[in-house]
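K.L.:
Sharing a sequence plus its predicted fold:
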Amino acid sequence: MPMELLNILPFQAPNASKADVASEVIRCAAVRPQERFRELMDFTNSISKAHRLFQLFQVKIANKPVDVKSRVLQPPKAVFNRPDKIQLKAGSWNTPDFHEPAKRGVAIPWGILCVPNNPRSKGDVEKVTDELPKAANRFGVSFSNKPFISQCSLNQLEKKFEEFHRQGCNFILLILYDDLAYGTIKRLSDLRMGIRTQCVRGSTLRKPNVFPNLLLKLNGKLGGVNWIVPDLIENSQDLIMVFGADVTHPAPTQSHQVLKSVAAVVGSVSPELIRYGAVVRQQATTERGNKTTREIIDNLHLSVGELLTLYLRNTKGRFPKRIIFYRDGVSEGQFENVLVEELSAIQKACTDIRPGEEPAITFIVVQKRHHIRFKPHDPRARNVEPGTVVDTDITHRREFDFYICSHEGIQGTSKPSHYHVLYDDSNFTSDALQMFTYHLCYAYMRCSRSVSYPAPVYYSHLAAFRARDWLSNTNEASVLLDGYDRFKVHISQTDGMFFL
C-alpha cells in the first residue's frame, strides 16, 4: 500500500529500544574526531555546491573548523584507605581500597534473590556466594558467610521481601532474569521496606570484573565512602555545600493517561562533598497541546531545606558559607525564568532553616545538548585530553560561560559540557570555578573514572529516573507521595545513597 494512503492512529508510541539495539546504534554513531570532522567538511562542501539558493544568494559556508585556544587542567589527588594522597590519572584510575568501607568491622547480613527462578540460577547463586565476599574483603567490606537464598516470581516479591526482612538482611542482591521486576523491586526497597538492594542481570554475572564494579555502588548504598577528593575543599576556608538538580519529563504513552514530570534535587550532606542526599518530587502539570511539562522546580525551597537539614546534622550544626548549585536541563530561553524563581527558592530555604543566614550562592546551568565538538590538531591523537577547557573564541562575549571535556573518550567523539554561570555571589575566578567543577567530576562513586559533568548532576539524573522506576507498572502513584508531591523514601535510606 502506498504510504500516502496510510493514516497513523494516535497514542501508538513505539516501545523503548532493547539494550542490544541501543548498543548497536551507539557503535555505529561512534565516529572518531578526525573522521567526524572530515565528514562534516565534505558535507558543507557538497551542499554549498549543490544547493541552488546558496549559489543564487552567493552564500558560502566556511568548511574549515575554527581554531580555539584551550588548556588542560590537572586531575586531583584522592585519598583511599591509607594516609597518603594518590595522584589520580586523568580520566581513569584503579581503586585499591575504600576510604571508608561500609559497616567497617561488621559482617553485613545479606541475601540473594532470583527473580524469577531460572535454570541458570543455581550456578549464578554459587558464583555470587563465592566471589562477592572475596571481592568485598579486598576493599575492606565484610559480608556474612551464609547469605539467605531464595527465588520467587514477580507476584511473590512483597512476600519474599518481608521474609528477607525477618531474616535480618541489611542488603539483598537480586539476580534478574526478567526486567519487568525492576520497578516493583525499587518501590519495595526504597519506599516500603527500607532494605538496600542491588539488581544485576544473570547475563551480567558472566562478564569479567563484575563484582569490583558492583562494590563501587554497594559501598555507597550501604553508607560507605569509596574515596574523597581533598582538592575540592583544601583551597577554601569556608564550608561549601554543592547541589545538583534536574527535571525529567515523561515519554509519550500509548494511552490517554497524563504523566507528570519528576524533579530531583541532590545535595552534599558532609563537608568533603562526597556523600549526597536526594529529594524527589512530582511536578505540577502544565499542558501544552498533548505535552505535559514544567521545567521550573516546584517546592524547591522545601527540597533544599530538607537537604540543608541533613547537612547540619552531619556538620554538628555548622551552616554552609557557600552554596554551588548545578542545574541541568535548562535551555537558553529559560535561563531568566529559572534563575529568578529557583534562586529565590534557595535563598528562602536558607532563611527558613536558619533566619539571618545568607550564604554566597553560585548558580550554574550545565548543558550537554549542543553541537560543539573538539578535536586535537595532532592527527595521530584521538580525543582531546580529560580536563580540556575552552573559555574564549566560541563563548559569549559578555556572559560567564565555558566548556570542559572532563571525561576520557572511550569511543567516538567526546562531547564537552557547556557551563553557564548565571549568578555568582562568591565572585569565583574563571580558573577557580573551572578547576572546582572539573575536580567534582572525579567524585562520582559508581565508577573509577572521571565523568562528563559534575557528580551531583549525575546523581540528580539517577534520582529522577529512579522515581520513574517507582511509578512504573503501578496505578497507585498518589500513595507514594506526601502532601507536597514528595516521594516518601524510607527513613532508613537517608544515610545511604539509594539512587546509586
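P.N.:
Noted; the coordinates are in hand. The shown structure was predicted, so the numbers you read here are calculated from the model rather than taken from an experiment.
K.L.:
What does the pLDDT read for residue 97?
P.N.:
You'll see residue 97 listed with a pLDDT of 96.
K.L.:
lowest-pLDDT helix or strand in this protein?
P.N.:
Lowest by mean pLDDT, DSSP states H and E among the helices and strands of the chain is strand 291-292, with a mean of 52.
K.L.:
And the helices in the stretch 1-150 of the chain, which stretches?
P.N.:
19-29, 33-50, 52-56, 121-139 (DSSP state H, counting those that start in this stretch).
K.L.:
Could you export these to a markdown table, including columns for mean neighbour count, distance to residue 383 and mean pLDDT?
P.N.:
Bear in mind the C-beta positions are built from the backbone N, C-alpha and C, glycine included. Below are the helices of the stretch 1-150 of the chain laid out as a markdown table (neighbours: other CB atoms under 10 Å; distance: least, CB to CB, whole Å; pLDDT from 0 to 100):
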| stretch | mean neighbour count | distance to residue 383 | mean pLDDT |
| --- | --- | --- | --- |
| helix 19-29 | 10 | 15 | 69 |
| helix 33-50 | 13 | 6 | 84 |
| helix 52-56 | 10 | 32 | 80 |
| helix 121-139 | 17 | 30 | 96 |
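K.L.:
tell me the SS of the nearest residue to residue 459 once chain neighbours are set aside?
P.N.:
Leaving aside its sequence neighbours, residue 459 sits nearest to residue 266 (CB to CB, 6 or more residues apart in numbering; 4.4 Å). Per DSSP: H, G, I helix; E, B strand; the rest coil, the secondary structure class of residue 266 is strand.
K.L.:
still on that earlier bit, give the next helix or strand downstream of the least confident helix or strand of the chain.
P.N.:
helix 300-314 (DSSP states H and E).
K.L.:
what about the strands in the stretch 251-400 of the chain?
P.N.:
With DSSP state E, counting those that start in this stretch, the ranges of strands along the stretch 251-400 of the chain come out as 262-268, 276-282, 287-288, 291-292, 322-328, 360-367, 388-390, 400-405.
K.L.:
How much space separates residue 345 from residue 390?
P.N.:
32 Å (CB to CB, to the nearest Å).
K.L.:
got it, and residue 129?
P.N.:
50 Å.
K.L.:
Also residue 326?
P.N.:
Where residue 390 is concerned, residue 326 sits at a distance of 19 Å (CB to CB).
K.L.:
Counting neighbours, go ahead and name the busier of those two.
P.N.:
residue 326 (25 against 20; other CB atoms under 10 Å).
K.L.:
Got the confidence number for that one?
P.N.:
pLDDT, read off for residue 326, is 99.
K.L.:
One more: residue 374?
P.N.:
According to the model, residue 374 carries a pLDDT of 94.
K.L.:
before we move on, what about residue 13?
P.N.:
63.
K.L.:
With adjacent residues omitted, what lies nearest to residue 402?
P.N.:
residue 391 is the one closest to residue 402 (CB to CB, 6+ apart), at 3.9 Å.
K.L.:
So which of the helices of the stretch 1-150 of the chain is nearest residue 446?
P.N.:
helix 121-139 (14.5 Å; CB to CB).
K.L.:
Give me the packing partners of the closest one, helices and strands only.
P.N.:
Other helices and strands packing on helix 121-139, by 3 or more CB pairs under 8 Å, 6 or more residues apart in numbering; DSSP states H and E, are strand 110-115, strand 148-151, strand 171-176, helix 210-221.
K.L.:
Specify the angle between that helix and strand 171-176 in degrees.
P.N.:
Angle of helix 121-139 versus strand 171-176, following axes from the mean of the first three to the mean of the last three CA atoms, to 10 degrees, is 140 degrees.
K.L.:
Could you say which of the helices and strands packed on helix 121-139 is packed most deeply?
P.N.:
strand 110-115 (a mean of 25; mean count of other CB atoms under 10 Å).
K.L.:
Run me through the strand neighbours of that strand, direction for each.
P.N.:
Applying DSSP bridges to the sheet, strand 110-115 is found paired with strand 148-151 (parallel), strand 171-176 (parallel).
K.L.:
now it: how far from the chain's centre is it?
P.N.:
26 Å (CA atoms, centre = their mean, to the nearest Å).
K.L.:
average pLDDT for it?
P.N.:
Mean predicted lDDT for strand 110-115 stands at 98.
K.L.:
Ok, stretch 486-499 next?
P.N.:
Mean predicted lDDT for stretch 486-499 stands at 90.
K.L.:
What's the end-to-end length of that stretch?
P.N.:
15 Å (CA to CA, to the nearest Å).
K.L.:
Contacts for it next, please.
P.N.:
Contact with stretch 486-499 is made by 189-194, 196, 220-223, 266, 275-282, 299, 302-303, 310, 445, 459, 462-463, 466-467, 470, 480-482, as judged by CB atoms under 8 Å, 6 or more residues apart in numbering.
K.L.:
how about a cut-off of 7 Å?
P.N.:
190-194, 196, 220-223, 276-281, 310, 459, 462-463, 466-467, 470, 480-482 (CB atoms under 7 Å, 6 or more residues apart in numbering).
K.L.:
pLDDT below threshold where in the chain?
P.N.:
1, 11-23, 252-258, 286-293 (pLDDT under 70).
K.L.:
Point me to the residue sitting farthest from the middle of it.
P.N.:
residue 56 (48.6 Å; CA atoms, centre = their mean).
K.L.:
and the gap between that one and residue 135?
P.N.:
Distance from residue 56 to residue 135, by CB to CB: 67 Å.
K.L.:
what's the answer for residue 207, then?
P.N.:
14 Å.
K.L.:
what's the answer for residue 321, then?
P.N.:
Taking CB to CB, one finds residue 321 at 40 Å from residue 135.
K.L.:
need the contact list for residue 60.
P.N.:
residue 48.
K.L.:
can you rerun that using 8 Å?
P.N.:
48, 54.
K.L.:
what's the answer for residue 303, then?
P.N.:
So residue 303 contacts 263, 265, 279, 281, 297, 349, 486 (CB under 8 Å, 6+ apart).
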